[in-house]
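Asker: A structural model of the following input is requested.
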Amino acid sequence: MSDHQGSRRLPLICHPDTPARAVRSIAVEIGLSFDDGFALNFIVEGTIGAVVLPQGEGELVIADGGTDGLWQSTCFEAFLTEEGQPDYTEFNYAPDGRWACYQFDDYRSLLRADQLAPWRMKAERSDDGYALRIEPGIFPDKGSKLALSAVIEEVDGTKSYWALCHPPGKPDFHHPDCFRVTLGAPDAA
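Answerer: Alright, predicted model coming up:
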């Protein structure tokens, strides 16, 4: 995938009130191209056997329809909006191929669920690393803002909440301060 931004890699920060035991770090690589739209590669480092994840790796079978409540276990999320606009889209991706897409017309004001399935999802796994690559087939406008986050459930029940930043208080991935990444246009070449 061509990306004039050099496939930006951004760290996610664990919310201080929800420390992880098994996960050391999470980062997200963002790619953007005219052919494929944007792609996200969530990279988790730590004791992967202690994280609630399905066994196996490779191309995932994408669920036919959206699934609510994915955030209650291990889930990777992206929020997309146009700069200066109150409306946004939330994308949830479970590591087993389930997904959800929601349209909001303002902060936490749900307009509707959408049936916008990702094009591709692929998992890679080792003892100390897990990566989930998501290619949703979305072509955001130049200047779109992106928020990225993850919920990690460990086999002992520990849950940690990761994001580019955390506003004061409990974890809140919908908060406008979380939209930290501005997407540029990919190179035409």
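Asker: Regarding Pro171, which helix or strand does it belong to?
Answerer: Per DSSP states H and E: Pro171 is located in neither a helix nor a strand.
Asker: now it: how far from Thr18?
Answerer: Between Pro171 and Thr18 the distance is 7 Å, computed by CB to CB, to the nearest Å. All C-beta atoms are positioned from the backbone trio N, CA, C, and that covers glycine.
Asker: Contact partners for Asp156?
Answerer: Asp156 makes contact with 21, 50, according to CB atoms under 8 Å, 6 or more residues apart in numbering.
Asker: Distance-wise, check it relative to Val51.
Answerer: Distance from Asp156 to Val51, by CB to CB: 10 Å.
Asker: ditto for Arg112
Answerer: Distance, Arg112 to Val51, by CB to CB: 32 Å.
Asker: and these two? which has more neighbours close in?
Answerer: The neighbour count for Arg112 versus Val51, taken as other CB atoms under 10 Å, is higher for Val51 (21 against 10).
Asker: Strand partners (parallel or antiparallel) of the lowest-mean-pLDDT helix or strand in the chain?
Answerer: Of all helical and strand segments in the chain, the minimum by mean pLDDT, DSSP states H and E falls on strand 109-114, at a mean of 79. Strand 109-114 has the following strand partners under DSSP bridges: strand 99-106 (antiparallel).
Asker: send the alpha carbons of the partner strand over as CSV?
Answerer: Extracted C-alpha coordinates of strand 99-106, given in CSV (Å, rounded to 0.1, in the frame of the first residue of the first chain):
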residue,chain,number,x,y,z
TRP,A,99,-17.2,-6.0,13.4
ALA,A,100,-19.6,-3.1,14.1
CYS,A,101,-20.1,0.3,12.5
TYR,A,102,-22.1,3.2,14.1
GLN,A,103,-23.0,6.7,12.9
PHE,A,104,-23.2,9.4,15.5
ASP,A,105,-24.6,12.9,14.8
ASP,A,106,-23.0,14.4,17.9
